[in-house]
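Novice: what follows is a predicted protein model with its sequence.
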Amino acid sequence: MDNETDGHALTVIDNRTGRSYAIPISEGTVRAMDFRQIKAHEGDFGLMVYDPGYPNTASCRSAITHIDGETSVLEYRGYPIEQLAERSSYLETAYLLVMGELPTKPQLEEWIHDITFHTYVHENIKKFMEGFNYDAHPMGMLVGTVGALSTFYTDAKHVSDPLSRHIQTQRLIAKMPTIAAFTYRHNRGLPYVYPDNDLTYTGNFLSMLWKMSEPKYQPNRTIERAIEVLFILHADHEQNCSTSAMRAVGSSDADPYSATAAAAAALYGPLHGGANEAVIRMLQQIGDKSRVGGFVKAVKNGEDLLWGFGHRVYKSYDPRAKIIKKTADEVLEQTGPNPLLEIAKELERIALEDDYFIERKLYPNVDFYSGIIYQALGFPVDMFPVLFAIPRTAGWLAQWREMIEDPEQKIARPRQVYIGPDRRDYVPMGER
Ligand code: ACO
């Protein structure tokens, strides 16, 4: 961004010195570096801004995803998530995120062809995965294996080459479902299933998960579409923890496989991609609709969290949760009723009427209902973050590409406020 202002400035008076500064305001932000000139005395380092967890820091300018957390808006490249979930496919949405525009028919055909072409993994990747323990967490396997891909595609280190970036993008989007499905089969002691490139992206994923002895796996259309919708909803969410990890690691010019492994590692945590697993555990622990009131009381006493509620950005209903709630009903029509859905709906009803949640603007987030769908489909909870990582890969890569192409971006390297001891001399062991 050039340092042009909107003609507005923030006047800052430093009470330590009485000096006044005009800090330009542009696009609703002030530049942190503009505060560095504010010094208490000659030789002072200058003012920094302190923002743990970055709730009020914009780390980049981005044209990919727009969220208005107050009014429940989520748009990819300007297109509302509701329209994409209803009318688009995951691969079309991935193209939109990565390339910036909806594809024409030939562009989409080429994109689908190229991604389908890359769905197989090197046989040594298969062998690599066979080395994991039978009960290895699938997310640990995914993180390790995605990182290992960088050793197979050494051309990926040419991050300044747009063609290389594009090939790695397609490889990663293509191979994530394959690796994810292998982690699932590994835990079950089942042979890995190779991709079926006649199927759609999601149909092939289902085939790699569930194909047994039949010559050709035929995915259930409702379930295939439900996974497609879930993938679209999870494809990007601007500068969240995992995307920030992708950008931070990518900012050192690390190859995109290593950066994606780091992003997936960030997604692993229960406060981010692991929350839907925590939701299921919570619903199972509640066990019955009649116990919902008691659980909500415990949450209000600070004894637990209402998992799947609250969001750093959404201070209203997460628009993805609305769509997922509908998808959950459709899936359960196919798979049979799930008592956890009833408990979840009761929990939502009670929480949305309760002052504790109203005052704190805590509403269901994307994870509140997604776990119920995954569970109804027969996925163990350990697989939930893996199912999130597959579609988020398109978002991570779109963000990584934008970061690489942004001349303003530099290696991510925050400052700190040092609060440790003043300088002191080393004490020999005998004198401690
Ligand atoms: N249950 C109960 N209380 C909550 C919850 C919750 N789920 N979430 C926030 N609060 C309370 C906090 O205790 C705090 O109360 P206080 O003001 O009395 O101290 C207040 O609401 C504000 O919460 P913060 O923690 O400051 O909000 P923050 O933006 O830092 O955290 C987060 C957001 C991490 C998502 C949080 O709401 C949470 O832990 N939710 C449960 C986990 C979850 O569902 N994560 C998935 C997020 S979506 C995703 O990653 C895809």
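Specialist: Nice, I can see it. Computed from a predicted structure; not experimentally measured. Numbers count the residues shown, from 1 in each chain.
Novice: where does pLDDT dip in the stretch 1-150 of the chain?
Specialist: Under the criterion pLDDT under 70, the flagged ranges of the stretch 1-150 of the chain are 1-6.
Novice: could you pull out the helices for it?
Specialist: 81-87, 90-99, 105-117, 123-130, 138-149 (DSSP state H, counting those that start in this stretch).
Novice: quick check: closest non-adjacent residue to residue 368.
Specialist: Of all residues not flanking residue 368 in the chain, residue 308 sits nearest, at 3.3 Å (C-beta to C-beta, 6 or more residues apart in numbering). Quick note: C-beta positions are derived from backbone N, CA and C, even for glycine.
Novice: quick one, phi psi at the one you found?
Specialist: phi 80, psi 10 (degrees, to the nearest 10).
Novice: mind checking the longest helix of the protein?
Specialist: Counting by DSSP state H, the longest helix found in the chain is helix 162-188.
Novice: angle of the helix or strand just after it against helix 90-99?
Specialist: Per DSSP states H and E, helix 162-188 leads on to helix 201-210 as the next helix or strand towards the C-terminus. Relative orientation of helix 201-210 versus helix 90-99 (axes from the mean of the first three to the mean of the last three C-alpha atoms, to 10 degrees): 120 degrees.
Novice: which residue would be the closest one in this protein to the ligand?
Specialist: residue 310 (2.3 Å; C-beta to the nearest ligand atom).
Novice: give the contact list for that residue.
Specialist: Applying C-beta atoms under 8 Å, 6 or more residues apart in numbering, we find residue 310 in contact with 360, 362, 363, 365.
Novice: and the pLDDT at it?
Specialist: What the model reports as pLDDT for residue 310 is 90.
Novice: how close does it get to residue 283?
Specialist: Using C-beta to C-beta, to the nearest Å, residue 310 is found at 16 Å from residue 283.
Novice: and for residue 275?
Specialist: 13 Å.
Novice: near the ligand, which residues of the stretch 151-300 of the chain show up?
Specialist: Counting by C-beta under 6 Å from any ligand atom, the residues of the stretch 151-300 of the chain close to the ligand are 271, 272, 275, 299.
Novice: wait, the third one sits on residue 364?
Specialist: This points to residue 275. No: look at residue 275 against residue 364 with C-beta atoms under 8 Å: they stay out of range, at 11.1 Å.
Novice: give me the common contacts of these two.
Specialist: In contact with both residue 275 and residue 364: residue 308, using C-beta under 8 Å, 6+ apart.
Novice: grab the nearest non-local neighbour of residue 342.
Specialist: Spatial nearest neighbour of residue 342, excluding adjacent residues (C-beta to C-beta, 6+ apart): residue 289 at 5.9 Å.
Novice: what is the neighbour count of the one you found?
Specialist: 15 (other C-beta atoms under 10 Å).
Novice: my read is that it contacts residue 346, right?
Specialist: Yes: here residue 289 reaches residue 346: they are 4.8 Å apart, a contact under C-beta under 8 Å.
Novice: on that earlier part again, now, which of the residues of the stretch 151-300 of the chain next to the ligand lie within helices?
Specialist: 275, 299.
Novice: out of the residues of the stretch 151-300 of the chain next to the ligand, which are buried?
Specialist: 272, 275, 299 (16 or more other C-beta atoms under 10 Å).
Novice: turn those residues into CSV, including pLDDT.
Specialist: Output for these, formatted as CSV (pLDDT from 0 to 100):
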residue, pLDDT
272, 84
275, 81
299, 95
